[in-house]
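Undergrad: Take a look and give me a structure for this.
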Amino acid sequence: MNEFELIARLTKSLPTNPNVVIGAGDDCAVLDFGLPDKWLLFKTDAIVGGVHFTKDTPPEKIGRKALARALSDIAAMAGTPTAALVTIALPQKFDVKFVEAIYDGVRALAQKLGVAIVGGETTTNPERILISIALLGFVPRGKAVLRSGAKTGDVIFVTGELGGSPAGKHLEFEPRLAEARWLAENFSIHAMIDLSDGLAGDLRHILKASRVGAELLKDAIPVSRAAKERARSRAGQSADNPPIDIGGYKPAIAAALTEGEDFELLFTVAGADAVKLLDAWKKQFPKLRLSCIGKITADEGITIRDKTGAQPLTAHGYVHFT
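TA: Predicted structure coming up:
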């Protein structure tokens, strides 16, 4: 049983109450506590030693990543973060200065983005460090951007470049909070998600929630320089240790589709808005790439088109418990 099969089993009959606008199944929970102009966003995320960072990762970057992952989910709903709780689980023998440096990383990013750290929990974990962030945010009432709004004929956009995140981006990425709010304030964004598990995996979350399909343009997918460099470095590996080849795709495009932890925004808008959005984006965010990578279709599943034609996309993103 993989991560998403387990989530489906655990969440199929969760209790709810009248405050819940959106429960499990999107980037954040959306709650209504009667504020006249706002809904509350609620998110939790965790990182684990040996999974999300290594023993050689600088502790400040560990703390930064822990908070940034949750902030990226607030961005995916076009929200504004406000306060966080930090839970840290440590082995019995730990380095106090190392743990303090982790908190320095959390603190620096929180101060930069105006997020209050209002408490948390410390506990033991026998073998490795675990950090969990519970984060609150706000979104204008009725304006949360969900995964479930994609429509046939929509254009699919992605910010930034994809793949190669293990080279360092996963520790230093900028949550796209300002960009997401700008998009929601100026355009009708039908669906949005942040790319934590890879384009091939996270696009499927939008398609499943929206009950649609997609066609991607292979040559339009923005492959990062890091992914290309890793592909070149692996090209000379021996037959006993060949470069990654996923679903018949060359290593660089495979990385862009599957590696995950890019934390860019993937979103859809009506085709009629595409050119206007691109032009406005270039003026508002001239240093951040925005790419049109495909369209939403009525047929379920994903196809990927290149010069030779279209074929089903067989690649998937990162999944725990595989």
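
Undergrad: Which parts of this protein are helices?
TA: Along the chain, the stretches classed as helices by DSSP state H are 3-11, 59-76, 96-113, 169-172, 177-186, 199-210, 225-234, 251-258, 274-284.

Undergrad: I'd say residue 68 and residue 263 touch.
TA: Yes: the pair residue 68 and residue 263 qualifies as a contact (CB atoms under 8 Å) at a distance of 7.2 Å. In this view, the C-beta of every residue, glycine as well, is placed from N, C-alpha and C.

Undergrad: Now the common contact residues for those two.
TA: Listed contacts common to residue 68 and residue 263 are 173, 175; contacts here mean CB atoms under 8 Å, 6 or more residues apart in numbering.

Undergrad: re earlier: kindly report which one of the helices of the chain carries the lowest mean pLDDT.
TA: With a mean of 80, helix 225-234 has the lowest mean pLDDT of these.

Undergrad: what helices or strands is that helix leaning on?
TA: Contact here means 3 or more CB pairs under 8 Å, 6 or more residues apart in numbering; DSSP states H and E; on that basis helix 225-234 packs against helix 251-258.

Undergrad: and the angle from the helix it packs on to helix 199-210?
TA: For helix 251-258 against helix 199-210, the angle between stretch directions is 30 degrees (axes from the mean of the first three to the mean of the last three CA atoms, to 10 degrees).

Undergrad: For helix 251-258, enumerate the helices and strands it packs against.
TA: Helix 251-258 sits against helix 199-210, helix 225-234, with contacts defined as 3+ CB pairs under 8 Å, 6+ apart.

Undergrad: Single out the most deeply packed of those helices.
TA: Per-stretch averages of neighbours, counted by mean count of other CB atoms under 10 Å, single out helix 199-210 among the helices and strands packed on helix 251-258, with a mean of 22.

Undergrad: For that helix, which outside residues touch it?
TA: With CB under 8 Å, 6+ apart as the test, helix 199-210 has contacts from 25-26, 146-151, 156, 158, 162, 191, 193-196, 213-214, 216, 221, 256-258, 260, 262, 266, 268, 296, 300-302, 313, 315-319.

Undergrad: So the protein: which segments form each domain?
TA: With domains defined by automatic domain parsing, the chain comprises 3-140, 155-312.

Undergrad: Pick the most deeply packed of the ones you listed.
TA: Note that of the domains of the chain, domain 155-312 is the most buried (mean count of other CB under 10 Å), with a mean of 18.

Undergrad: distance between the ends of it?
TA: The stretch domain 155-312 measures 19 Å between its terminal residues, going by CA to CA, to the nearest Å.

Undergrad: before we move on, what about stretch 211-219?
TA: End-to-end for stretch 211-219, by CA to CA: 26 Å.

Undergrad: cool, and stretch 163-182?
TA: The first and last residues of stretch 163-182 sit 25 Å apart, counting by CA to CA.

Undergrad: One more: stretch 131-148?
TA: Its first and final residues considered, stretch 131-148 spans 30 Å by CA to CA.

Undergrad: how distant is that stretch from the center of its chain?
TA: Centre-to-centre, stretch 131-148 and its host chain are 13 Å apart (CA atoms, centre = their mean, to the nearest Å).

Undergrad: Ok, stretch 186-194 next?
TA: Here stretch 186-194 is found 14 Å from its chain centre; the criterion is CA atoms, centre = their mean.

Undergrad: Not counting its own residues, what contacts it?
TA: With CB under 8 Å, 6+ apart as the contact definition, stretch 186-194 has outside contacts at 27, 72-73, 75-78, 145-151, 154, 175-176, 180, 183, 202-203, 205-206, 209-210, 263-270, 273, 276-277, 280.

Undergrad: what do you get for stretch 291-302?
TA: Surrounding stretch 291-302, the residues in contact under the criterion CB under 8 Å, 6+ apart are 150-159, 200, 203-204, 207, 210-217, 220-222, 268, 271, 274, 278, 303, 305, 312-313.

Undergrad: Now stretch 117-130: average pLDDT?
TA: For stretch 117-130, the per-residue pLDDT values average out at 95.

Undergrad: was I right about residue 197 contacting residue 317?
TA: Yes: with the criterion set as CB under 8 Å, residue 197 and residue 317 qualify as a contacting pair; they are 4.0 Å apart.

Undergrad: Apart from its neighbours in sequence, what residue is nearest residue 278?
TA: Across the structure, with CB to CB, 6 or more residues apart in numbering as the measure, the residue nearest residue 278 apart from its sequence neighbours is residue 290 (6.4 Å).

Undergrad: ok, now residue 181?
TA: Counting by CB to CB, 6+ apart, the residue nearest residue 181 is residue 78, at 5.6 Å.

Undergrad: got a list of what the one you found touches?
TA: 139, 143, 144, 145, 180, 181, 183, 184, 189, 192.

Undergrad: My guess is the fifth one contacts residue 265. True?
TA: Yes: the criterion here is CB under 8 Å, and residue 180 meets it with residue 265 at 5.9 Å.
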